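A.B. asks: this one's structure only:
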Ligand SMILES: Cc1ncc(C[n+]2csc(CCOP(=O)(O)OP(=O)(O)O)c2C)c(N)n1
């Protein structure tokens, strides 16, 4: 492991109709990269963001390639490296930055920090800190989607390490028994904190867990946003048609430490170098230029616009007030 | 009036009526369908409501609670059954780390009920007899209910189902078929978070909940023959805790005995004792005392279990001491 050789090749269609999609993908991937860079490399180091900071640098194609396919009735349960899901669902960058800064403008109004946020009105279930706990919850969400006859699908996101937990297996087992509309989206970035895949599981791929649950599973190049998008189309169509869950394993690499405090000295430098060549944003840009879907100038302009959007978001967040301690005990219950 | 309704039947009726009233209410758990649940609390529901609303699950407590939370976030009102409250530990993370914190963290209501048959006196041994209520009373964001009577059991399960917060509903197994009561036919609820004075008295107060309410009432009856006028307060809900009703009673009687079947250290008695001294210390004429199980697992062998469980005699002994103090 550690290379992309294990990835199952599949046919990709490339037509000019994909140009607008490519632009959309590039926008969200670049926005996630810029927002996370700002949080991790500036605000955290300046002491303006406190606590744990986990980023998805190098993994942006996964939340973007899947999230863009979500219909309004679908419910997303992102994991901790899926920031683009929030943007795609309509959360403004400024509110995400304010969340990291513990301000009233954040999604949780300072009650929680970093990516531990959600909003049911936008169809996003909050991340649960305990890894894989979100998988049984996705089953219940899917049960409700079916119960209400909405035709919706639950998108359940997690990393490779999360699949070791009992909660993962309980959630998947129930969903497959009940044939619930769930798409499982695994970012296999080959490390869980400092633990490499071979100390995490005895099988070579997360997808190998699928057959034990009689669940279709597919391995995809997680650094190719079009590959992720097309595989996700298959997965979602399967789940939406009532045939039960579908597991998508997106092979990728965590291009950072586990969190902002972790220098990742346990990762061989050669792996970073190898995977840097597979950067999903650079690959998308190259493809857009190759197919003449965009000019270099257009791409540069998009990147400049994204930087400005994040600049404005940071200024807004910095001006957002801190929560008032007199509100400390408010909101523990819905019915007080 | 439904004459002589058991505690178990009262809970069954409460869930059934809520399912009739609200199409978003459904039941989920192990063997709750065709079999009707390990204790038959959901008997007949599968035949009447079908498999959409009575969902049999694999053996997966975390899966069940997680699924209930997910469905609750979507606006449904799941009633999840733990086969025995002891196994709620397998779903603990979902309850304390997710359900309890959702509203505070991100304004999301989790309108679920987790039903948990608890308590000893049925020769269940260490894994089928525990009273794990305090694991949850320690968790802000949950509501914890422990009914003692059929009337309250029905009214509280209905209130719990209608409530928008996560409710852990402890059903005492020893009461399921042992206590009967005439309960009204018409719809009623019992409010969460309210204790009740179930016997009036002026010499001392016994505060308790669950099966021990019956021991306290028996003890009060017995000691009345010795001239003691004992008030009994049934907490009914442990979280939120109705300190007002407890303290009002202590103001009146000036002596208080705290009783629970749960083990001693970290039990409800400790919290009550501090609450009483904080609020009505000046009214006390005697030390606050308690009768509880000792700090051991619940033993199996009958003489051991009998020694472990608080009962009427143990309550009488302590209450008599306090009365004469
Ligand atoms: C139950 C639980 N144990 C430990 C942790 C601490 N923790 C947070 S992220 C992480 C590694 C997760 O690895 P993986 O699931 O592969 O996701 P990745 O971070 O690689 O995206 C650990 C151990 C946790 N959040 N939850």
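C.D. replies: Yep, it's here. Just so we're clear, the structure is a prediction, and the values are computed from it rather than from any experiment.

A.B. asks: now stretch A:103-111: how far from the chain's centre is it?
C.D. replies: Distance, stretch centre to chain centre, for stretch A:103-111: 21 Å (CA atoms, centre = their mean, to the nearest Å).

A.B. asks: Get me the contact residues on the stretch 201-336 of chain A for the ligand.
C.D. replies: The stretch 201-336 of chain A has residues residue A:254 near the ligand, with proximity defined as CB under 6 Å from any ligand atom. The C-beta positions use only the backbone N, C-alpha and C, and glycine is treated the same way.

A.B. asks: Report how many residues lie close to the closest residue to chain B within the stretch 201-336 of chain A.
C.D. replies: Chain B sits closest to residue A:334 of the stretch 201-336 of chain A, with a gap of 4.0 Å, by CB to the nearest CB. By the criterion of other CB atoms under 10 Å in any protein chain shown, residue A:334 has 18 neighbours.

A.B. asks: so who does residue 272 touch?
C.D. replies: Since you didn't name a chain, this refers to chain A. A:253, A:255 (CB atoms under 8 Å, 6 or more residues apart in numbering or on different chains).

A.B. asks: You answered for a different chain; I wanted chain B.
C.D. replies: Contacts for residue B:272 were tallied using CB under 8 Å, 6+ apart; they are B:207, B:241, B:246, B:258, B:288.

A.B. asks: Quick check: pLDDT value at whichever residue of the stretch 101-250 of chain B sits closest to the ligand.
C.D. replies: Ranked by CB to the nearest ligand atom, the top residue of the stretch 101-250 of chain B for proximity to the ligand is residue B:101, at 14.3 Å. For residue B:101, the model assigns a pLDDT of 98.

A.B. asks: right, and it touches residue B:141 too?
C.D. replies: Yes. Using CB atoms under 8 Å, residue B:101 makes contact with residue B:141 at a distance of 5.7 Å.

A.B. asks: quick revisit: which stretch of helix or strand covers the residue of the stretch 101-250 of chain B closest to the ligand?
C.D. replies: According to DSSP states H and E, residue B:101 maps onto helix B:100-106.

A.B. asks: Could I get the phi/psi values of residue A:156?
C.D. replies: Main-chain dihedrals, residue A:156, degrees, to the nearest 10: phi -110, psi 110.

A.B. asks: Please apply the same query to residue B:82.
C.D. replies: Main-chain torsions, residue B:82, degrees, to the nearest 10: phi -90, psi 130.

A.B. asks: Look at residue 179 and say how many residues are nearby.
C.D. replies: By default, I'm working from chain A. Residue A:179 has 14 nearby residues by other CB under 10 Å.

A.B. asks: nope, chain B
C.D. replies: If you count neighbours by other CB under 10 Å, residue B:179 ends up with 20.

A.B. asks: Spatially, which residue comes closest to it, not counting chain neighbours?
C.D. replies: residue B:7 (5.1 Å; CB to CB, 6 or more residues apart in numbering or on different chains).

A.B. asks: close enough to count as contact, that neighbour and residue B:175?
C.D. replies: Yes. Using CB under 8 Å, residue B:7 is in contact with residue B:175, at 4.5 Å.

A.B. asks: Pick out whichever of these two has more residues nearby.
C.D. replies: Neighbour tally, residue B:7 and residue B:175, criterion other CB under 10 Å: the higher count belongs to residue B:7, 27 against 22.

A.B. asks: Hmm, residue B:202 is touching residue B:253, no?
C.D. replies: Yes. Using CB under 8 Å, residue B:202 makes contact with residue B:253 at a distance of 5.9 Å.

A.B. asks: neighbour count winner among those two?
C.D. replies: Remark: of residue B:202 and residue B:253, residue B:253 carries more neighbours, 21 against 12, as counted by other CB under 10 Å.

A.B. asks: does the residue lying closest to that one once chain neighbours are set aside count as helix, strand or coil?
C.D. replies: Once flanking residues are discounted, residue B:253 sits nearest to residue B:205: 4.6 Å by CB to CB, 6+ apart. Recorded secondary structure, residue B:205: strand (DSSP: H, G, I helix; E, B strand; the rest coil).

A.B. asks: Report the beta-bridge partner residues of residue B:205.
C.D. replies: residue B:231, residue B:256 (DSSP bridges).

A.B. asks: tally of neighbours for it?
C.D. replies: Neighbours around residue B:205, by other CB under 10 Å: 29.

A.B. asks: ok, now which ones touch it?
C.D. replies: The contact partners of residue B:205, taken as CB under 8 Å, 6+ apart, are B:230, B:231, B:232, B:233, B:246, B:249, B:250, B:252, B:253, B:255, B:256, B:257.

A.B. asks: continuing past whichever strand or helix holds the fourth one, what's the next helix or strand?
C.D. replies: This points to residue B:233. Under the criterion DSSP H and E, the helix or strand holding residue B:233 is strand B:230-234. Moving toward the C-terminus from strand B:230-234, the next helix or strand (DSSP H and E) is strand B:237-239.

A.B. asks: Just the buried residues of that following strand, please?
C.D. replies: Across strand B:237-239, burial judged by 16 or more other CB atoms under 10 Å in any protein chain shown covers B:237, B:238, B:239.

A.B. asks: List the contacts of residue A:172.
C.D. replies: Contact analysis of residue A:172 by CB under 8 Å, 6+ apart lists A:135, A:184, A:209, A:213, A:215, A:245.
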